[in-house]
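[1] Have a look at this prediction, sequence included:
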Amino acid sequence: YAISLEERVAERTAELQRQKERIEAILHSVADGVVVTDRAGNLVRANPAAERLLSSARAEGTDLAAFIRDLALGLLPSAAQSTVVIAGRTYQARAAPVRGEAEGDLGAVVVLRDVTYFKELDQLKSEFVSNVSHELRTPLANLKLYLTLLEKGRPERRATHLQVLNQEVRRLETLIEDILDLSRLETRGTHAERIPLQMDEVVRQVVRSLAPQAAVRNVHLSFEANPVPPVKANRDQIIQLVTNLVANAINYTEAGGKVILTLRVIAREGKPWVALAVKDTGVGIAPSELPHIFDRFYRGERQRHMAPGTGLGLAIVKEILDLHQGWIDVKSHPGMGSTFTVGLPALDATSGEEGPSP
């Protein structure tokens with residue numbers, strides 16, 4: 001009997017050891033920081049992720065252990081106070097009591113999760129809503145004003161009021177279409193059909209469609225095509241990309257200026273790219289504004305006064321290029337014009353696949 005009891009005890013001890021090792025393995029593999037506290041809120045156990053956070057917090061002079069204690073003891077009343085910033089990243093902390101069947105509360109388990117990405121998304125959402133509200137407010141105010149003038153103003157001014165109303169309606173329409181374009185690119189852009197595409201045909205189509213706009217502004221629009229391989233892309237998206245770049249160049253080039261498009265193959269990082277350069281002799285972009293030109297709703301000081309726009313055109317260009325693993329370079333000097341160069345991966349002529357990655 002004694003031998004059998006010893007065997008059972010040994011088996012039970014081995015089983016407990018295996019369970020402990022499994023729990024240890026789980027805790028070590030969890031990316032979140034996990035801390036166990038006692039009834040007084042003192043730290044009694046931390047997984048490697050939590051130990052790294054505690055070490056980083058100490059290096060910054062942040063008392064993370066005190067924060068965890070207060071959270072475990074229920075001393076932080078609001079959800080906003082259950083976040084902490086460590087090494088520039090935001091962590092959300094959640095505590096749950098550990099209860100025994102007889103002993104009651106034995107302490108708490110605190111989990112620290114990195115929510116930096118979600119915080120950034122919330123910030124972007126807030127900025128987007130704020131920007132859209134601001135951009136909608138001006139044309140809506142003008143519509144309200146001119147509708148009042150149309151109703152109560154002098155009859156001989158009605159034609160002018162109607163013209164302004166039409167302009168503001170078109171401005172609103174453009175803004176809404178650009179917002180919808182961005183939304184479609186973000187939600188369905190990666191699933192859009194991609195086919196082998198001849199870039200010279202696309203560019204010629206865009207040049208033909210924008211030639212009347214250039215003529216009205218007395219801007220010389222030309223296209224220099226060199227033999228290039230096809231690219232694998234969504235035709236509608238690439239047409240939109242080229243249209244946005246060329247339309248911008250026309251809008252911000254003064255009468256008598258030039259917009260020159262050049263298509264060629266270049267090597268970059270050991271990979272062939274089909275590169276389209278859109279060069280203009282327009283107003284140029286100030287160096288302080290260059291880092292922001294792809295931000296949504298951003299418009300430079302001079303550009304804002306030269307032509308109507310939504311500030312979304314280049315953001316759409318960047319989004320399309322990201323979807324196609326492309327790139328864009330900008331060179332510009334105030335008063336000397338700008339050159340926007342976009343690159344798309346060239347298709348291998350024999351296999352029909354994109355060229356090898358570097």
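    Thanks, I have the structure now. Keep in mind the model is a prediction, meaning the values are calculated, not measured.
[2] Flag the shaky bits of the stretch 151-300 of the chain, pLDDT-wise.
    186-191 (pLDDT under 70).
[3] Which parts of it are helices?
    158-188, 199-216, 235-251 (DSSP state H, counting those that start in this stretch).
[4] out of the ones you listed, deepest packed?
    Comparing those by mean neighbour count (mean count of other CB atoms under 10 Å), helix 235-251 comes out on top with a mean of 21. Placement of C-beta: from N, CA and C, glycine included.
[5] Format the CA atom coordinates belonging to that helix as CSV.
    The C-alpha trace of helix 235-251 is given here as CSV (Å, rounded to 0.1, in the frame of the first residue of the first chain):
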residue,chain,number,x,y,z
ARG,A,235,-6.3,50.3,-65.4
ASP,A,236,-8.8,52.6,-63.7
GLN,A,237,-6.5,53.2,-60.7
ILE,A,238,-3.5,54.0,-63.0
ILE,A,239,-5.6,56.4,-65.1
GLN,A,240,-6.7,58.1,-61.9
LEU,A,241,-3.1,58.3,-60.7
VAL,A,242,-1.8,59.9,-64.0
THR,A,243,-4.8,62.2,-64.2
ASN,A,244,-4.2,63.6,-60.7
LEU,A,245,-0.6,64.2,-61.4
VAL,A,246,-1.1,65.9,-64.8
ALA,A,247,-4.1,67.9,-63.6
ASN,A,248,-2.1,69.2,-60.7
ALA,A,249,0.7,70.2,-63.0
ILE,A,250,-1.7,72.1,-65.3
ASN,A,251,-3.5,73.8,-62.4
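[6] Ignoring the adjacent residues along the chain, who's closest to residue 257?
    Computed as CB to CB, 6 or more residues apart in numbering, the closest residue to residue 257 that is not its neighbour in sequence is residue 281, at 4.2 Å.
[7] show me what contacts the one you found?
    253, 257-259, 336-337 (CB atoms under 8 Å, 6 or more residues apart in numbering).
[8] do residue 244 as well
    When the contact criterion is CB under 8 Å, 6+ apart, the partners of residue 244 are 313-314, 316-317.
[9] Recalculate using a threshold of 10 Å.
    178, 181, 206, 278, 312-317, 320, 340 (CB atoms under 10 Å, 6 or more residues apart in numbering).
[10] so can I have a markdown table of those showing distance to residue 21?
    Shown next, in a markdown table, are those (distance: CB to CB, whole Å):
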| residue | distance to residue 21 |
| --- | --- |
| 178 | 57 |
| 181 | 55 |
| 206 | 65 |
| 278 | 63 |
| 312 | 56 |
| 313 | 59 |
| 314 | 56 |
| 315 | 52 |
| 316 | 54 |
| 317 | 54 |
| 320 | 51 |
| 340 | 59 |
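[11] Residue 90 is in contact with residue 119, correct?
    Yes. Judged on CB atoms under 10 Å, residue 119 makes contact with residue 90 at a distance of 5.0 Å.
[12] give me the number of residues near residue 56?
    Residue 56 is flanked by 15 other residues according to other CB atoms under 10 Å.
[13] Ramachandran angles for it?
    Per-residue torsions, residue 56: phi -60, psi -40 (degrees, to the nearest 10).
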